[in-house]
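Student: Sequence plus predicted model, see below.
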Amino acid sequence: MSWIRHVLGDAAWQGIGAIIGLIGLAVATLRWGGRIDLRKRKHAPIAAPPVAQAEPLPALPAPIVPTPYLTGQQAQYFDLTDEAAEREYYEALASGIRNAKEKVYRVGRGFHREQSSAVYHALQKAEEEALKNKIEVVRIQVGSMVASGWAEGYARLLKDYPNFRMVADFEYTGHSDIAVVDPRGRNPFISLLFESREQERLGTVGRAMMGFIVRDARSTMDLFQMLVEQAGRSQPLTRQAVRDLSRTYIYFGWGVHMAPRKMAQDAPGAECKGVAILRRWSRNINAMIERPADRATIVKSKDKNSDDWFDGVAYEMSWWEKERLTRLESRAYEPITVTIELAGKSVEAFTFIPLPSPKGSAVLTTGSWIDLVKEGAIKNEMTQLLSELRRAGVPFDELPPDAL
């Protein structure tokens with residue numbers, strides 16, 4: 001139940017009382033012995049039970065509407081763990097998109113497995129039919145890794161149809177996929193797909209659990225306005241960026257991102273690949289201590305035959321994690337492409353170099369950002385860096401090992 005409470009408590013749902021009331025009553029109806037047993041019903045209209053029989057969800061930030069106005073014909077529930085119900089749900093969604101008369105707005109993470117290609121090809125085909133009919137289609141991407149076929153399909157739609165837009169919302173943390181079709185039309189509808197979140201390589205993925213088709217003008221218009229605002233503040237995606245959603249990248253962290261806990265905070269889906277070396281570059285520990293983003297901290301050697309080098313930690317990550325990291329670092333750093341040595345092989349990677357520094361210096365104290373650099377060096381047994389930090393005056397509770 002914790003994940004559904006998280007969904008319904010998300011700020012994106014504030015103010016949509018009718019939908020929250022509907023889902024709250026549906027969950028209460030489906031609850032069995034303190035758990036949701038999705039096997040009890042496969043796909044059926046949701047009948048509104050009397051208010052006295054509805055068991056409210058505890059501690060929801062948004063209030064549950066006690067008396068829903070949605071009838072069984074207006075809202076249909078699908079158990080997406082059941083193959084037949086899942087197929088019926090996606091067919092209903094594709095049909096609604098295909099027959100749109102005005103607008104289609106969708107929010108979702110996309111499909112990350114090629115085994116689901118039949119489903120996502122059917123949905124993309126439905127969207128293309130709507131686009132051919134001059135319908136505005138907007139997709140708000142909110143997820144991590146996707147299947148390459150899925151990405152290529154949307155890249156083609158961006159190329160062929162000026163009435164299709166795709167944007168990325170890096171702040172969305174909900175567990176739901178949403179579609180709104182024809183909010184001002186005669187037959188508006190909302191599709192809601194709720195997922196569990198499961199950790200896989202390079203990030204979390206969603207497992208479809210339950211779906212709703214809601215046919216109600218007031219609910220549809222309320223949600224549509226929210227999605228318009230969400231799309232407006234999201235980052236537009238180019239065709240190449242859409243293709244890149246299925247790619248992975250190597251990141252070379254040489255400062256605070258050598259510390260695992262900092263990477264877990266800034267790029268939780270990244271996978272550590274080990275210590276790597278950046279040759280023909282030098283790292284100035286004194287400049288690093290002077291301020292956290294000093295332009296002189298790392299410098300590329302002018303001599304192509306230079307023996308300069310320094311070490312850092314390499315991580316593999318998705319485009320989504322790469323872009324989030326770039327947004328976080330953009331105030332003080334700029335991304336560049338470098339060639340690193342990882343496990344004895346030359347590998348293309350990206351890293352960040354400091355922007356020109358303002359005048360003045362920061363005072364180094366215990367508990368400052370430099371502790372993360374030190375932590376990363378200790379964790380990854382980077383003895384050369386540890387010795388440089390010690391010589392520069394960085395305090396250690398215990399002396400680090402000497403350089404090999």
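Tutor: Arrived safely. Computed from a predicted model, the values in this text were never measured in an experiment.
Student: contacts for stretch 297-311?
Tutor: 254-255, 275-284, 287-288, 353-354, 382, 384-385 (Cβ atoms under 8 Å, 6 or more residues apart in numbering). The way it works is simple: take the backbone N, C-alpha and C, and place the C-beta from them, glycine included.
Student: 10 Å - rerun?
Tutor: With Cβ atoms under 10 Å, 6 or more residues apart in numbering as the test, stretch 297-311 has contacts from 252, 254-255, 258, 275-291, 312, 336, 338, 340-341, 351-354, 357, 377, 380, 382-385, 388.
Student: Where does pLDDT dip in the protein?
Tutor: Within the chain, the segments meeting pLDDT under 70 span 1-73, 175, 200, 202-203, 205-206, 291-293, 357-369, 390-391, 393, 395-404.
Student: Spatially central residue in it, please.
Tutor: residue 143 (3.7 Å; Cα atoms, centre = their mean).
Student: Residue 173 contacts residue 142, doesn't it?
Tutor: Yes - contact criterion Cβ atoms under 10 Å: residue 173 and residue 142 qualify, at 8.6 Å.
Student: Among the two, which residue is more densely surrounded?
Tutor: Using other Cβ atoms under 10 Å as the criterion, residue 173 and residue 142 rank with residue 142 on top: 23 against 12.
Student: How much space separates the more buried one from residue 109?
Tutor: Here residue 142 is placed at a distance of 6 Å from residue 109 (Cβ to Cβ, to the nearest Å).
Student: Could you tell me which residues touch both of those two?
Tutor: 172, 176, 177, 320.
Student: ok, for the residue nearest to the centre of the chain, nearest residue in space, not its chain neighbours?
Tutor: residue 109 (2.6 Å; Cβ to Cβ, 6 or more residues apart in numbering).
Student: where does the one you found fall, phi/psi-wise?
Tutor: Here is the backbone geometry of residue 109 (degrees, to the nearest 10): phi -90, psi -10.
Student: Next, count neighbours for it.
Tutor: 23.
Student: same check, this time on residue 238
Tutor: 11.
Student: circling back to that earlier point, which ones among the shared contacts of residue 142 and residue 109 map onto helices?
Tutor: Residues of the shared contacts of residue 142 and residue 109 located in helices (DSSP state H): residue 320.
Student: and of the shared contacts of residue 142 and residue 109, the nearest to residue 82?
Tutor: Nearest to residue 82 among the shared contacts of residue 142 and residue 109: residue 177, at 17.7 Å, using Cβ to Cβ.
Student: quick one: contacts for the closest one?
Tutor: Going by Cβ under 10 Å, 6+ apart, residue 177 touches 93, 106-110, 142-143, 191-195, 206, 208, 211.
Student: Kindly check the end-to-end length of stretch 240-249 for me.
Tutor: 15 Å (Cα to Cα, to the nearest Å).
Student: what's the spacing between it and its chain's center?
Tutor: On the basis of Cα atoms, centre = their mean, to the nearest Å, stretch 240-249 sits 13 Å off its chain's mean C-alpha point.
Student: Give me the buried positions along that stretch.
Tutor: 241, 242, 243, 244, 245, 246, 249 (16 or more other Cβ atoms under 10 Å).
Student: Make a markdown table from the shared contacts of residue 142 and residue 109 and add distance to residue 370 to it.
Tutor: Listed next are the shared contacts of residue 142 and residue 109 as a markdown table, based on distance: Cβ to Cβ, whole Å:
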| residue | distance to residue 370 |
| --- | --- |
| 172 | 33 |
| 176 | 41 |
| 177 | 42 |
| 320 | 29 |
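Student: out of the shared contacts of residue 142 and residue 109, who has the most neighbours?
Tutor: Highest neighbour count within these: residue 176, with 26 neighbours (other Cβ under 10 Å).
Student: about what we covered before: against residue 178, how distant is the residue nearest to residue 143?
Tutor: As for residue 109, its distance to residue 178 is 11 Å (criterion: Cβ to Cβ).
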